[in-house]
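*Asks:* quick check, what structure comes out for this input:
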Amino acid sequence: MPIPVLGVSPGMPRERRAGELEEPRHFKRGTAVNIYMNGRNQVKNKSKIMFLGVLTIFLTLAGAMASAGEPLPSWNDGPAKKAILDFVANVTAEGSPDFVPVGERIAVFDNDGTLWAEQPAYPQLFFAMDQIRKMAPERPEWNNNEPFASLIKGDYTGALADGQNAIVKIVTGVHGGMTTETFDRLATEWIATARHPKTGKLYTEMIYQPMLELLEYLRAHGFKNFIVSGGSTEFMRPWTEKTYGIPPEQVVGSSVKAQFDLKNGKAEIFLLPEVDFVNDGKGKPVGIYEHIGRRPIAAFGNSDGDLPMLEWTAAGKGARLCLFVHHTDAGREWAYDRHSSIGQLDRGLEEAAAKGWTVVDMKNDWKKVFPFEHTEPVIAIDILIEPDAAMIQHAQAANDRLLKQYPQGFALDETHHPHMTCIQRYVRTADLDNVYEAIGKVLAGEHPENWRLEAISFFYSPWEDVGIAGIVIKPTIELLRFQKRMIEAVAPFTVETGTRTAFFTTPEDPEINQPTMDYVQKYVPAGTGKKYNPHVSVGVAPEDYLDAMLKEKFETFTFTPAGVSVYQLGNFGAARKKLKSWQS
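*Replies:* Residues are numbered from 1 along each chain as shown. I've put the predicted structure just below:
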């Protein structure tokens, strides 16, 4: 979904052109066996020739059938998937009253929020901000002009205080004065390396796997797919072919003005710092008309900014498919609609219900959201050291104190066990027995029960609007070696990320916040080796209270590990469910 002019967007294989045989790189086709005969290797036996010919045909058909597989494999069976399959079957079957010739099978897709993630802000906005900061030394006047002054200081909130006007200034500030070739290069370089601020993934990895499958499914049935986005055409065209399989000439977006000129005898097109066309809202049907020249028979969006595009598509004669992607999955992506400042979907939901359009419920209709997701069950585990009674007594006293200040924090009890984390990882649930075996092998050569560890201070880590406090343990050579060996032991069974379903919850305590999920994902390497901060978490409290607590004198003490355990993690990284234990 876009923001006028700026827009946002990234993502798969490309549209094949006439006469082209190469398959898109994201999709593997069955391999047909071709038998070649040259003059020196001619087979004279007719029955053998017939057998080989039949075998070739059989293998070719078998390969094609195998490659076809289940259509839209990342879509759950349900009304949304059925609507797509039925529509495509009806418009592509010759003799059907809804049959549409290949040349008229036009499908249009919004980009931001429809093909790739648009939260927490449109990717093109991040691109523009990065470019502004790089260009700032050559534009000293920006230091005294908003939104540039705030942007240069890193004050994103201040930079966007003027809303749409600020965005227009930022985007036109980036475009203005450079050649199209220079801008193409900057956009290509940025998209190849820039990472999403929440997931750490490349933006081109934040594309929706079900939509990639839909693009290919339509392509395979003679459709020509177009991106129709509020993002700028100049920003999207350099990478959409590689990401989505949609070539630059099939990208319709917002644009700035441009002019042709000869510089030193070289013919160039220069981008100007002026808005030419805003391809959002009512601008989308106009953009389709002016750039494509045909009314689409299928339109896909996710916000009210796409509503006019779907309305114009639906107004045509014959069968039509109009579909909204509804963001309902706060665990794997984001949940937002009527009240969101980005990708607001309010009137669109009402119109879809009134007109019988298809609404995709992301949480329930998609088996997976992003290509990098693992579909097999995953569990979030903590391989931890169980402390002895001395540490438990100190931890309990601190926890009692913090609960008085912040009752909604966690209590150290039979469901929140005092512990010292070694590593936290997402692992495949099916591999838990292998994880236990690998840990057992490490323990056969390490003996934590012989260690004397020293508690040296309190500390806390900011966590949203509070802090999580803990007792710091002085790192030792043995402790660091133990952690390193554990990381290596379980590495074959780990996966990169997990969702809320990987954590322990109860009906009374169902929440798993995003920082918890992010913390586990980044624990290796962010919390290991020289960055390892061995500690026992003792509770949650407001930061001002914890700041005062840290100023108090801490009486150091020593303790001994009582065992090693594996727990399933809960909210705030608490050890909630014991899975396996090795006691001293």
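
*Asks:* in the protein, where is pLDDT below threshold?
*Replies:* 1-68 (pLDDT under 70).

*Asks:* try 50 this time
*Replies:* Within the chain, the stretches with pLDDT under 50 are 1-67.

*Asks:* and it, split by domain according to the record?
*Replies:* Domain ranges of the chain: 102-365, 378-583, per automatic domain parsing.

*Asks:* and among the ones you listed, the most buried is which?
*Replies:* Compared across the domains of the chain, domain 102-365 shows the largest average neighbour count, a mean of 19 (mean count of other CB atoms under 10 Å). Heads up, the C-betas are built off the backbone N, CA and C, glycines and all.

*Asks:* can you give me the end-to-end distance of that domain?
*Replies:* 29 Å (CA to CA, to the nearest Å).

*Asks:* what residues does the residue most central in space within the chain make contact with?
*Replies:* Nearest residue to the geometric centre of the chain (CA atoms, centre = their mean): Met206, 3.6 Å. Applying CB atoms under 8 Å, 6 or more residues apart in numbering, we find Met206 in contact with Pro10, Trp116, Ala117, His196, Thr199, Phe370.

*Asks:* columns secondary structure and distance to Asp346 on top of the residues you listed, output as CSV?
*Replies:* Shown next, in CSV, are the contacts of Met206 (DSSP: H, G, I helix; E, B strand; the rest coil; distance: CB to CB, whole Å):
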residue, secondary structure, distance to Asp346
Pro10, coil, 25
Trp116, strand, 22
Ala117, coil, 20
His196, coil, 26
Thr199, coil, 27
Phe370, coil, 26
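
*Asks:* and of these, the nearest to Val174?
*Replies:* Closest approach between these and Val174, by CB to CB: Pro10, at 16.7 Å.

*Asks:* list just the nearest of the contacts of Met206 to Glu449.
*Replies:* So of these, ranked by how close each gets to Glu449 (CB to CB), first place is Thr199, at 39.5 Å.

*Asks:* how much space between that closest one and Ala562?
*Replies:* For Thr199, the distance to Ala562 (CB to CB, to the nearest Å) stands at 37 Å.

*Asks:* what's the helix or strand for Val524?
*Replies:* Here Val524 sits within helix 514-526, counting by DSSP states H and E.

*Asks:* contacts for that helix, please.
*Replies:* 198, 200, 380, 423-426, 463-464, 487, 496-500, 502-503, 531, 569, 571-573.

*Asks:* so Lys368, which of the three states?
*Replies:* coil (DSSP: H, G, I helix; E, B strand; the rest coil).

*Asks:* need the contact list for it.
*Replies:* Applying CB under 8 Å, 6+ apart, the residues near Lys368 are Ser74, Gln209, Pro210, Arg332, Thr375.

*Asks:* assumed the third one was part of a helix.
*Replies:* So that's Pro210. Yes. Under three-state DSSP, Pro210 sits within a helix.

*Asks:* distance check, it against Phe300.
*Replies:* Pro210 is 11 Å from Phe300, by CB to CB.

*Asks:* kindly report the same for the second one.
*Replies:* Taking CB to CB as the measure, Gln209 falls 15 Å from Phe300.

*Asks:* right, and Pro120 touches Leu160 too?
*Replies:* No. In this structure Pro120 lies outside contact range of Leu160 using CB atoms under 8 Å: 11.9 Å.

*Asks:* specify which member of the contacts of Lys368 is nearest to Gln164.
*Replies:* Nearest to Gln164 out of the contacts of Lys368 is Arg332 (CB to CB; 29.9 Å).

*Asks:* can I assume that closest one is in contact with His374?
*Replies:* No. At 11.2 Å, Arg332 and His374 do not qualify as touching, with contact defined as CB under 8 Å.

*Asks:* circling back to that earlier point, so who does the closest residue to the residue nearest to the centre of the chain other than its chain neighbours touch?
*Replies:* Residue nearest to Met206 in three dimensions, not counting chain neighbours: Ala117, with 4.3 Å by CB to CB, 6 or more residues apart in numbering. Contacts for Ala117 (CB under 8 Å, 6+ apart) come out as His196, Met206, Tyr208, Glu333, Trp334.

*Asks:* fine, thanks again, bye for now.
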